[in-house]
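Undergrad: Provided below are the primary sequence and the corresponding predicted coordinates.
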Amino acid sequence: MLTNTHFDFVKLMLIGEPFGRFSSNFAELPAVAVKMPETAEAVSATLTTNRNCAVEITNVSGTYCLINPKVYMASGFSCHPPQPTIRTQKTEVSSFTKDDNTATGAVGLLTYDLFHMRNRVCSERMAIMFSVPFDHSLYKNRLAVGVFELSQACDKHLYEQMYDGKDLSNFTRSDANGCGLEHKAAHVDLRATMSTTGKAMVKVELYDKMGH
């Protein structure tokens, strides 16, 4: 059975009577912030050094989920760590920055394992090499994207191979010029761009290869 108190409260909620003496209590409640989707631009704006890199990855694939991120830094450190999982149709952002008070850049390697959701297995590893040098009068920003066997470690050897190695069979590399970079692997395609500034942004998209 409803008491008068219950009835009055229900009436207040249904017909919109003023809150009266309760209104001040509601006014004191803190506003709830709505978290907006992060972008490379938004993350880059929070970085305070003059050499850094925000990496935005969009998983357009309907077959693969990105898991098990690994980072190798030749120079600098991870600021916003990579998301543990990038599900299909999702975009995530990580960032990397130079060491404070040093004449160094933000240079490194980010990898994700490609998890085949139907077969429940990982057999390949996606790699992104980025280089934002300290001295832009001598060096340009550089980007490379590729797909390797799962056994390929995210380490100095892979970084050096992707930065200036001669064997380009598993990745595609270019000095940043604002234009698109594309790598076609056995089962997926990677499309990427990188800006030319010291506060660089990298955007990578993962697609299923047609017919797979």
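TA: That came through, no problem. Residues are numbered from 1 along each chain as shown.

Undergrad: contact partners for the residue nearest the centre of the chain?
TA: Nearest to the centroid of the C-alpha atoms of the chain, with distances taken as C-alpha atoms, centre = their mean, sits V93, at 2.5 Å. For V93, the contact set (C-beta atoms under 8 Å, 6 or more residues apart in numbering) comprises E38, T39, A40, A42, V43, A54, V55, E56, I57, H80. (C-beta placed from N, C-alpha, C; glycine too.)

Undergrad: cool, H187 as well?
TA: Counting by C-beta under 8 Å, 6+ apart, H187 has contacts T63, Y64, L114, E124, V147, D208, K209, H212.

Undergrad: how close does it sit to E41?
TA: 31 Å (C-beta to C-beta, to the nearest Å).

Undergrad: distance check, the residue nearest to the centre of the chain against C179.
TA: In terms of C-beta to C-beta, V93 sits 21 Å off from C179.

Undergrad: and what of T102?
TA: T102 is 31 Å from C179, by C-beta to C-beta.

Undergrad: picking that back up, derive a ChimeraX selection command for the buried subset of the contacts of H187.
TA: Here is the ChimeraX selection string for the buried members of the contacts of H187, based on 16 or more other C-beta atoms under 10 Å:
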select :63,64,114,124,147
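
Undergrad: can you put the contacts of H187 in CSV and add pLDDT and distance to K98?
TA: Converted to CSV, the contacts of H187 look like this (pLDDT from 0 to 100; distance: C-beta to C-beta, whole Å):
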residue, pLDDT, distance to K98
T63, 96, 36
Y64, 98, 32
L114, 98, 30
E124, 98, 31
V147, 98, 28
D208, 96, 36
K209, 90, 36
H212, 49, 39
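
Undergrad: restricted to strands, list the contacts of H187.
TA: Mapping the contacts of H187 onto strands (DSSP state E) picks out Y64, L114, E124, V147, D208.

Undergrad: for those, which one is nearest E160?
TA: Nearest to E160 out of the ones in strands among the contacts of H187 is V147 (C-beta to C-beta; 18.1 Å).

Undergrad: which of the contacts of V93 tops the neighbour count?
TA: A54 (29 neighbours; other C-beta atoms under 10 Å).

Undergrad: so what does the helix or strand hosting that one touch, helix or strand wise?
TA: Element membership for A54, per DSSP states H and E: strand 52-59. If you count contacts as 3 or more C-beta pairs under 8 Å, 6 or more residues apart in numbering; DSSP states H and E, strand 52-59 packs onto helix 40-46, strand 64-75, strand 90-97, strand 106-116, strand 121-132, strand 199-208.

Undergrad: distance to A153 for the ones you listed - can I get that in TSV?
TA: Shown next, in TSV, are the helices and strands packed on strand 52-59 (distance: least, C-beta to C-beta, whole Å):
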stretch	distance to A153
helix 40-46	27
strand 64-75	8
strand 90-97	19
strand 106-116	9
strand 121-132	9
strand 199-208	20
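
Undergrad: for D167, find the nearest of these.
TA: Between D167 and the helices and strands packed on strand 52-59, the shortest gap by C-beta to C-beta is with strand 121-132, which sits at 13.7 Å.

Undergrad: put the alpha carbons of that closest one into PDB.
TA: What follows is strand 121-132, C-alpha atoms only, in PDB (Å, rounded to 0.1, in the frame of the first residue of the first chain):
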ATOM      1  CA  VAL A 121      43.800 -17.700 -32.600                       C
ATOM      2  CA  CYS A 122      46.700 -15.200 -33.100                       C
ATOM      3  CA  SER A 123      49.000 -15.800 -36.000                       C
ATOM      4  CA  GLU A 124      50.300 -12.400 -37.000                       C
ATOM      5  CA  ARG A 125      51.600  -9.200 -35.400                       C
ATOM      6  CA  MET A 126      50.900  -5.600 -36.700                       C
ATOM      7  CA  ALA A 127      53.800  -3.200 -36.200                       C
ATOM      8  CA  ILE A 128      53.900   0.600 -36.300                       C
ATOM      9  CA  MET A 129      57.300   2.400 -36.400                       C
ATOM     10  CA  PHE A 130      57.300   6.100 -35.800                       C
ATOM     11  CA  SER A 131      60.200   8.600 -35.600                       C
ATOM     12  CA  VAL A 132      59.900  12.200 -34.500                       C
END
